[in-house]
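Trainee: Have a look at this fold, sequence not included:
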């Protein structure tokens with residue numbers, strides 16, 4: 001397993017050394033990781049990356065080479081470097097399970113640990129959750145669009161990914177979001193995401209004729225033969241030769257041509273023409289696969305045009321989330337434990353209202369309708385609050401705080417689970433297929449159709465408990481009064 005401990009921003013180390021020199025290394029703090037805006041102006045995010053965060057924290061240690069490098073910088077005390085030489089994570093991490101549908105400003109991961117430990121995990125925590133959640137969310141959007149055509153989606157993005165890790169972990173995240181398979185072999189070997197693939201244009205070019213290339217491939221792979229038909233001319237050559245191979249090679253063997261793929265041209269036009277040709281040849285079961293800069297918007301357009309497509313190979317626009325390529329997860333200090341063992345809330349204030357944080361150690365709850373099973377809202381409370389839905393739950397809508405509201409006769413679920421407790425992994429990681437199925441179940445049974453719209457989706461309510469709201473209001477008033485004295 002790679003040691004990625006040093007994959008951090010340099011200021012994590014300067015702050016850690018500062019805490020150590022000032023004697024704060026045993027001070028317990030709490031940080032929340034959350035985000036402020038859904039990608040693509042969507043209605044939700046599919047959280048992902050928790051498994052990689054678990055691997056990182058479990059393997060976190062500084063090697064001799066790491067310590068020697070840090071000593072060479074000349075900025076860190078010898079005592080601090082000795083501390084790092086024996087470093088291991090001893091804190092508690094709570095998180096929503098991977099694959100959970102989540103919303104802006106709700107805590108996805110909460111780290112409660114000695115301040116140096118909580119600080120040092122920041123960069124990698126954000127890196128893993130931000131990237132994987134971005135790709136899983138984009139994949140879910142694309143699969144939703146393709147589902148309206150009863151078509152499946154395959155991930156073809158490795159050669160356009162931003163690194164080899166992005167190719168593999170992006171394919172994993174895309175699988176969580178709903179894709180059926182990947183072209184990336186290492187993702188299959190490492191995570192079990194089904195790897196698929198047939199041929200490139202070079203295969204066809206290698207042979208003297210397109211027919212010879214198709215025939216050779218069909219003879220080698222008679223049970224799983226999909227032919228790439230746009231090397232020369234889709235209709236006059238590719239489709240004609242595909243039908244010929246189906247009739248002359250495969251059918252005499254008792255086999256059927258599984259499908260054809262086109263990677264260029266007017267996908268709607270050619271797919272409809274191809275469907276007519278194959279149906280007329282008695283090949284109604286021959287699938288039409290398309291690729292070439294596919295995303296949810298193109299898929300919707302193809303649907304509107306009546307395209308006859310059975311499967312989409314999606315590359316760069318999914319693996320890079322091209323239309324909105326940055327997931328803005330942040331990691332903020334929310335509480336510091338005092339000498340009495342109590343968490344003192346901390347807040348970050350900004351001229352931008354959306355950047356004002358929710359203070360204190362908190363819990364995240366999801367409120368469900370008993371009648372429909374759909375989620376009505378998320379509720380953020382202080383960590384010492386408990387709700388069961390049998391009694392009215394008063395809450396504050398932060399957009400309309402003057403309104404007195406409460407939930408009645410609802411189902412309530414606490415969303416975060418303990419992942420690490422006192423440095424020990426206590427969480428049973430689900431299988432990748434279980435995570436993927438969990439996403440599907442939520443989108444079918446718990447998330448309103450209105451939240452899944454691509455344009456102007458319903459904004460999921462994220463409310464505050466009255467206790468949390470009062471604490472936040474008091475802290476804002478306190479700092480406002482201090483500002484007035486300056």
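Mentor: Looks like it arrived, so ask away. This is a predicted model, so every value here is computed, not measured.
Trainee: pLDDT score assigned to residue 485?
Mentor: At residue 485, the pLDDT value in this model is 47.
Trainee: in the stretch 251-400 of the chain, which ranges drop under the pLDDT threshold?
Mentor: Applying pLDDT under 70 to the stretch 251-400 of the chain picks out no residues at all.
Trainee: can you pull out the helices in it?
Mentor: Applying DSSP state H, counting those that start in this stretch to the stretch 251-400 of the chain gives helices spanning 267-280, 296-304, 316-319.
Trainee: what's the closest of the ones you listed to residue 68?
Mentor: If you check each of the helices of the stretch 251-400 of the chain against residue 68 by Cβ to Cβ, helix 316-319 wins as the nearest, at 36.8 Å. To be clear about C-beta, it is placed using only N, CA and C from the backbone, and glycine gets the same treatment.
Trainee: The closest one packs against which elements?
Mentor: On a contact count with 3 or more Cβ pairs under 8 Å, 6 or more residues apart in numbering; DSSP states H and E, helix 316-319 meets helix 122-147, helix 164-177.
Trainee: give me that answer again for 6 Å
Mentor: helix 122-147 (3 or more Cβ pairs under 6 Å, 6 or more residues apart in numbering; DSSP states H and E).
Trainee: how about the helices of the stretch 251-400 of the chain in JSON lines, adding mean neighbour count and distance to residue 200?
Mentor: Compiled in JSON lines, the helices of the stretch 251-400 of the chain are given as follows (neighbours: other Cβ atoms under 10 Å; distance: least, Cβ to Cβ, whole Å):
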{"stretch": "helix 267-280", "mean neighbour count": "18", "distance to residue 200": "19"}
{"stretch": "helix 296-304", "mean neighbour count": "18", "distance to residue 200": "22"}
{"stretch": "helix 316-319", "mean neighbour count": "24", "distance to residue 200": "16"}
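Trainee: With distance to residue 8 added, can I get the ones you listed in JSON lines?
Mentor: Formatted as JSON lines, these follow (distance: least, Cβ to Cβ, whole Å):
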{"stretch": "helix 267-280", "distance to residue 8": "44"}
{"stretch": "helix 296-304", "distance to residue 8": "35"}
{"stretch": "helix 316-319", "distance to residue 8": "25"}
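Trainee: Run through the residues that contact residue 373.
Mentor: residue 445 (Cβ atoms under 6 Å, 6 or more residues apart in numbering).
Trainee: rewinding a little: relative to residue 407, which of the helices of the stretch 251-400 of the chain is closest?
Mentor: Closest to residue 407 of the helices of the stretch 251-400 of the chain, according to Cβ to Cβ: helix 296-304, at 33.3 Å.
Trainee: gap between the closest one and the chain center?
Mentor: How far helix 296-304 lies from its chain's middle: 23 Å, per Cα atoms, centre = their mean, to the nearest Å.
Trainee: need the strands for the stretch 351-486 of the chain, in chain order.
Mentor: For the stretch 351-486 of the chain, the strands defined by DSSP state E, counting those that start in this stretch cover 362-369, 375-382, 393-396, 405-407, 410-414, 417-421, 424-425, 461-465.
Trainee: who does the first one touch, helix- and strand-wise?
Mentor: Helices and strands touching strand 362-369, by 3+ Cβ pairs under 6 Å, 6+ apart, are strand 375-382, strand 410-414.
Trainee: List the neighbouring strands of the first one plus their orientation.
Mentor: In this case it means strand 375-382. Its sheet considered, strand 375-382 pairs with strand 362-369 (antiparallel), strand 461-465 (parallel) by DSSP bridges.
Trainee: Let's have the ones you listed in a markdown table, adding distance to residue 121 and mean neighbour count.
Mentor: Shown next, in a markdown table, are the strands paired with strand 375-382 (distance: least, Cβ to Cβ, whole Å; neighbours: other Cβ atoms under 10 Å):
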| stretch | distance to residue 121 | mean neighbour count |
| --- | --- | --- |
| strand 362-369 | 19 | 22 |
| strand 461-465 | 25 | 21 |
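Trainee: Point out the one among those that comes closest to residue 228.
Mentor: Counting by Cβ to Cβ, residue 228 lies closest to strand 362-369 out of those; the figure is 45.7 Å.
Trainee: Tell me what angle that closest one forms with strand 410-414.
Mentor: On the basis of axes from the mean of the first three to the mean of the last three Cα atoms, to 10 degrees, strand 362-369 is oriented at 150 degrees to strand 410-414.
Trainee: Residue 390: which of the helices of the stretch 251-400 of the chain is closest?
Mentor: Across the helices of the stretch 251-400 of the chain, residue 390 has its closest neighbour in helix 296-304 (41.1 Å, Cβ to Cβ).
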